[in-house]
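J.: would you be able to build a 3D model of this:
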Amino acid sequence: MRPGPAFLGLFMAVALAAPAPAQAPSERQFKTANWTGGVIYSGQTFGGCFVHRDYPDGTKIQLQLTPQLQMWVGGAKSNWSFNPNQEFELTFEVDGAYKKTFTGKANANSRIWLWFNVGNDADFRRAVAGNGTMTWVDPKGLKFPFDLANGANAIRKLLACTALYGID
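T.: Numbering: from 1, shown residues only. Below is the predicted model of the structure:
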């Protein structure tokens, strides 16, 4: 399924440009259950840490945490193609314990990914750590679920990695 008009919502400004999906050299990677993570560098500058997981249907999710403790959430699927000049409004729902609407954007170099800046949202981190299901809901009610099994371990590793390599 290719998101298109069903993903279009009311547009809001995104404060920062959408990141690209992160990859780390093998010596800077870690694994925790069904999540893989690593350190993000831009040249010699520490850019943050990430955790991600892949699903059997080709869907992917990635959480990135900057040195300023700002979190980005990205989702992708190989058959998605987003216009990087548009913004997309989705509601994140996590097991009824968390519900908040965010505006996301695609990165021009990786149009299969849609990225949302969730900021330093402790309630979101707690919801992910609940190991449940996060569902993205578009304004028309179309739903995209992400299983967060072992999310507690992923959040702990993400925070520890960021603290180890440097918090601004």
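
J.: doesn't K157 lie inside a helix?
T.: Yes: in this structure, K157 lies within a helix as judged by DSSP: H, G, I helix; E, B strand; the rest coil.

J.: just checking, it touches H52?
T.: No: at 11.5 Å, K157 does not count as touching H52 under the criterion of Cβ atoms under 8 Å. Using the backbone N, CA and C atoms, a C-beta is placed for each residue, glycine as well.

J.: who touches both of those two?
T.: Applying Cβ atoms under 8 Å, 6 or more residues apart in numbering, one finds that K157 and H52 are jointly contacted by 35, 37.

J.: contact partners of stretch 161-168?
T.: Residues outside stretch 161-168 that contact it (Cβ under 8 Å, 6+ apart): 30, 37-39, 46, 48-49, 65-69.

J.: mind listing what I155 touches?
T.: Remark: with contacts taken as Cβ under 8 Å, 6+ apart, I155 is in contact with 51, 63, 125, 128-129.

J.: was I right to think F46 contacts V39?
T.: Yes: using Cβ under 8 Å, F46 and V39 qualify as a contacting pair, with a distance of 7.2 Å.

J.: so for these two, which sits in the more crowded spot?
T.: Neighbour totals were compared for F46 and V39, and V39 leads with 21 against 17 (other Cβ atoms under 10 Å).

J.: can you tell me which residues contact the residue of the chain most remote from its centre?
T.: If you look at how far each residue of the chain sits from its centre, by Cα atoms, centre = their mean, the farthest one is Q44, at 23.6 Å. Q44 makes no contacts at all, as judged by Cβ under 8 Å, 6+ apart.

J.: tell me the pLDDT of it.
T.: According to the per-residue confidence, Q44 scores 84 in pLDDT.

J.: tell me the spacing between it and T91.
T.: Taking Cβ to Cβ, to the nearest Å as the measure, Q44 and T91 are separated by 39 Å.

J.: next one: R53
T.: 21 Å.

J.: of these two, who's got more company?
T.: R53 (22 against 16).

J.: just checking, that one touches T36?
T.: Yes: the pair R53 and T36 passes the contact test of Cβ under 8 Å, sitting 7.1 Å apart.

J.: now the helices: where do they sit in this structure?
T.: Counting by DSSP state H, the chain forms helices over residues 122-129, 151-165, given from the N-terminal end onward.

J.: closest to N107 out of these?
T.: helix 151-165 (20.1 Å; Cβ to Cβ).

J.: buried residues in that closest one?
T.: 151-155, 157-159, 161-162, 165 (16 or more other Cβ atoms under 10 Å).

J.: same check on stretch 119-135?
T.: Using 16+ other Cβ under 10 Å as the burial criterion, the residues of stretch 119-135 that qualify are 121, 124-125, 127-132, 134-135.
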